[in-house]
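1. Quick check, what structure comes out for this input:
(chains A and B)
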Amino acid sequence: MDIAFSAEDLAFREEVRSFFAEHFTPELQGRLRSNGFKNTIVEWQKKLHEKGWIAPNWPVEFGGTGWTPTQKYIYETERSEAGIPGTVPFGLSMVGPVIYQFGNQEQKDYFLPRILSSDDWWCQGYSEPGAGSDLAALKTKAELDGDDYIINGAKIWTTYAQYADWIFVLVRTSNEGKKQEGITFLLCDMKSEGIKVNPIISIDNEHSLNEVEFNNVRVPAKNVVGEVNGGWTVAKALLAHERTSIADVAQSKRTIRQIKDAAAKEINGGKALLDDPGFQGRLADIEIELMALEFTELRTLAAMAAGGFPGPESSLLKIKGTELQQATQELRMEVAAHYQGVLPTDLDSEQLGHDFGSEARRNFMYGRASTIYGGSNEVQKNIIAKFVLGLE
Amino acid sequence: MNFDFTEEQQMIRDSIARFVQDDYDWDTRKAIVESDKGMSDAAWQQFAELGWLSIPFAEEDGGFGGSIVDTSVIMEEIGKGLIVEPYLATVVLYGNLIAKAGNEAQRAALLPEVIDGSALGTFAYVERQSRFEITDCKTTAQNNGGAYTLSGEKVVVSNGTNADKAVVLARTSGEQFDRDGLSLFVVDLNGAGVERFGYPMMDGQRCANLTFNNAPAELIGEEGSAMGVVEAVVREATIAVAAEAVGCMGTLNAKTLEYTKQREQFGVRISTFQALKHRMVDTMMAFEQAKSLLFKAMCEFNEAPEKADLTIHALKVLIDRNAKLVYGEAIQLHGGMGITDELDIGHYAKRLMMINSTFGDATYHRNHYASKTYSA
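-> The predicted structure is shown next:
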């Protein structure tokens, strides 16, 4: 057992560093923060695609990198060090993996390349107003009419639906048997007639969430992934992929670095906050837990490299990962002190007297969603209790 | 021993609760927060007519002669209704500073306009480098033969965009961090030498950075020894925001309990899940514990204000921790709805976070509590 980097690993790390330094320019970074988020992130993802690094977790045959767990770890660490956002998950981390796992050849041939190239932007049609944690209670229905399904209903909390070209949607195709048994996984073009996207402003005062209405929306039956009425299996596999990527240890490590930098500059009564033993204790508690989670994530990566797909253990990563994200976000707010509540303003940071209060607020506030989305942490605990511990 | 509120206090409580119910529903508040001014002049006039703006001031100054308990009753109700009008800035801070530091003529000139609602005020004491250390003051006052002028900057001044006047902490002698040499001044914020840079905060407040460039200022209290008065007022104001926090927490708990009794998942109300029941018991206990320390602080304050100091440190630490638990669970148990801007839950959370960073955060107060309490 060891985690020492080999000469190849070190060479790989150099390659990653120089690629990021060359291509993730300050100019691109600036645009990412301002308007035009979609165009800029797509532009960045296309660069990763050209390099062949867009989908490290995919099998090589479908466009993955074939990296070892160590290389994946190195890549994620370097990405976070460089302050580069993760790829948008809906295509690359969610629907892509279920298409190569459950899709037919035609679906793989058409959709996977377009996901890898970021030519299609995907969104997720899972939750409904009455089906949150109890996802299987979903009511949006699809009825067969010739070669098409006709969808009626509504989905909610759909992130970036306003940008999306496609939505993967869980629909009810049967009311017989257990509620899990009548669900089908469908791919639907967002340009279809009868789709309406209604914005939802979230607690961070931003618009990323939406409600998506379906009024007699026609979808070709060939867009079913997996079996008709077998969508629950597909849905669960997708959620397991989603959960692994939600942990985002690299991002929390980056927040910890930001906290340290800022706390060294915050002076209270002549003493730096970072030198305050009370503050140090809190930061250490979070960092220690994060250290452990990093190795839990590595163990999962290693197991996936050996066995293929993430199992119920991914719930552990989701729970601990999101709890630690929130803990770091909260601590960064405290470092910002009086400035933690600042909303976006025309004043520049020099006039305001502060440069990260508003960002800390936005991250903290939206961060509250992370223990709710991807299956709430309560549901994750039920999954671990049932499938890992065997508690019925 | 008696923890009951007087009949009079109950009447004050009822009058604010009625105001919130009749005239300050969620849509009204939302419209006020989104308005240019970020507060309602009409509501403020109503506060004046109902006598709330006179509560802490002595009867000889035209006030109600209320105690810390009266102020806390108001603040708790302000917390419940998430009222954004600047009661803390204008009455509890500005008004109390005038009342405690001002001479008879200054009180006679400045307090009536607070009480009748015609003037809004604030206390400007935070500087960009100061964090929570009030004595870390670089703003200076110059004495030109009895006529003072101020130069420097104060930041994140609560009600800074709307206040007509401010009490400003400035240095008349000594060095940065010196306790001696600090003085209080009243400054007309619409007067010469003052510039405001306003910005909105997540809890609906409007704050501003104020820059003073030889701004004319009137000394209140003794030159060079302001900290006694400042600490007295901040002590009272800290209890006041703790009361506001208790109001927010109680409301969050009640709303969350109600929601879990209505929301159905897996064919049952989610309030029937034991895992969730226990968490709502935890938040209820967190609320009761916070309320208990608030009562202790008020009782000690009533005996002699400085007697409450250690408890105030403890109170601020407990409010911080318990508020985080309460708003965290409130958002979590509301699920996706909890993270929408539309629902009020997140707005209570934002106000609680702002309270946690007002007058020293938990780290600051824990340190003070520990250093005053423990030594080998």
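
2. Strands along chain A, start to end?
-> A:122-125, A:141-145, A:148-156, A:166-172, A:183-189, A:195-201, A:207-220, A:224-225, A:267-268, A:271-272 (DSSP state E).

3. export the ones you listed to JSON lines and tack on mean neighbour count?
-> Every residue, glycine included, has its C-beta placed from N, CA and C. Compiled in JSON lines, the strands of chain A are given as follows (neighbours: other Cβ atoms under 10 Å in any protein chain shown):
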{"stretch": "strand A:122-125", "mean neighbour count": "26"}
{"stretch": "strand A:141-145", "mean neighbour count": "16"}
{"stretch": "strand A:148-156", "mean neighbour count": "20"}
{"stretch": "strand A:166-172", "mean neighbour count": "25"}
{"stretch": "strand A:183-189", "mean neighbour count": "24"}
{"stretch": "strand A:195-201", "mean neighbour count": "15"}
{"stretch": "strand A:207-220", "mean neighbour count": "19"}
{"stretch": "strand A:224-225", "mean neighbour count": "24"}
{"stretch": "strand A:267-268", "mean neighbour count": "19"}
{"stretch": "strand A:271-272", "mean neighbour count": "13"}
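
4. Serialize those to CSV and add fields for mean pLDDT.
-> Listed next are the strands of chain A as CSV, based on pLDDT from 0 to 100:
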stretch, mean pLDDT
strand A:122-125, 97
strand A:141-145, 97
strand A:148-156, 98
strand A:166-172, 98
strand A:183-189, 98
strand A:195-201, 98
strand A:207-220, 97
strand A:224-225, 98
strand A:267-268, 93
strand A:271-272, 94
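
5. Make a markdown table from the ones you listed and add distance to A:Thr345 to it.
-> Rendered in a markdown table, the data for the strands of chain A read as follows (distance: least, Cβ to Cβ, whole Å):
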| stretch | distance to A:Thr345 |
| --- | --- |
| strand A:122-125 | 31 |
| strand A:141-145 | 46 |
| strand A:148-156 | 31 |
| strand A:166-172 | 35 |
| strand A:183-189 | 40 |
| strand A:195-201 | 18 |
| strand A:207-220 | 18 |
| strand A:224-225 | 46 |
| strand A:267-268 | 24 |
| strand A:271-272 | 27 |
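
6. Within range of chain B, give me the residues from the stretch 151-300 of chain A.
-> Taking Cβ under 8 Å from any Cβ of the partner chain, the part of the stretch 151-300 of chain A that reaches chain B is made up of A:156-157, A:200-203, A:205, A:209, A:266-270, A:273, A:276, A:278-279, A:282.

7. ok, and the closest non-adjacent residue to B:Gly229?
-> One correction, residue B:229 is Val, not Gly. What sits nearest to B:Val229 in space, not counting adjacent residues and going by Cβ to Cβ, 6 or more residues apart in numbering or on different chains, is B:Ala101, at 4.6 Å.

8. Who are the contact partners of the one you found?
-> B:Val167, B:Leu184, B:Ile220, B:Gly221, B:Ala226, B:Val229 (Cβ atoms under 8 Å, 6 or more residues apart in numbering or on different chains).

9. what about the fourth one, how many residues close to it?
-> Think B:Gly221. Other residues within reach of B:Gly221, judged by other Cβ atoms under 10 Å in any protein chain shown, total 21.

10. and what of the fifth one?
-> Applying the criterion other Cβ under 10 Å, we find 30 residues in the vicinity of B:Ala226.

11. same deal with the second one?
-> Other residues within reach of B:Leu184 by the criterion other Cβ under 10 Å amount to 29.

12. Thought A:Ala7 was touching A:Arg13, still the case?
-> No - judged on Cβ atoms under 8 Å, A:Arg13 makes no contact with A:Ala7 at a distance of 10.7 Å.

13. Neighbour count: those two, which is higher?
-> Here A:Arg13 and A:Ala7 are compared on neighbour count by other Cβ under 10 Å; more neighbours surround A:Arg13, at 17 against 7.

14. list the buried ones in stretch A:9-24?
-> Burial within stretch A:9-24, assessed by neighbour count using 16 or more other Cβ atoms under 10 Å in any protein chain shown, is assigned to A:Asp9, A:Phe12, A:Arg13, A:Val16, A:Phe19, A:Phe20, A:Phe24.

15. Oh, that last question was meant for stretch B:101-109, not what I typed.
-> Along stretch B:101-109, the positions that meet the burial threshold by neighbour count (16+ other Cβ under 10 Å) are B:Ala101, B:Gly102, B:Gln106, B:Arg107.

16. now for the longest helix that chain B contains, which elements pack on it?
-> Ranked by residue count and defined by DSSP state H, the top helix of chain B is helix B:227-262. On a contact count with 3 or more Cβ pairs under 8 Å, 6 or more residues apart in numbering or on different chains; DSSP states H and E, helix B:227-262 meets helix B:68-81, helix B:96-101, strand B:182-188, strand B:268-269, helix B:274-303, helix B:309-333, helix B:345-356.
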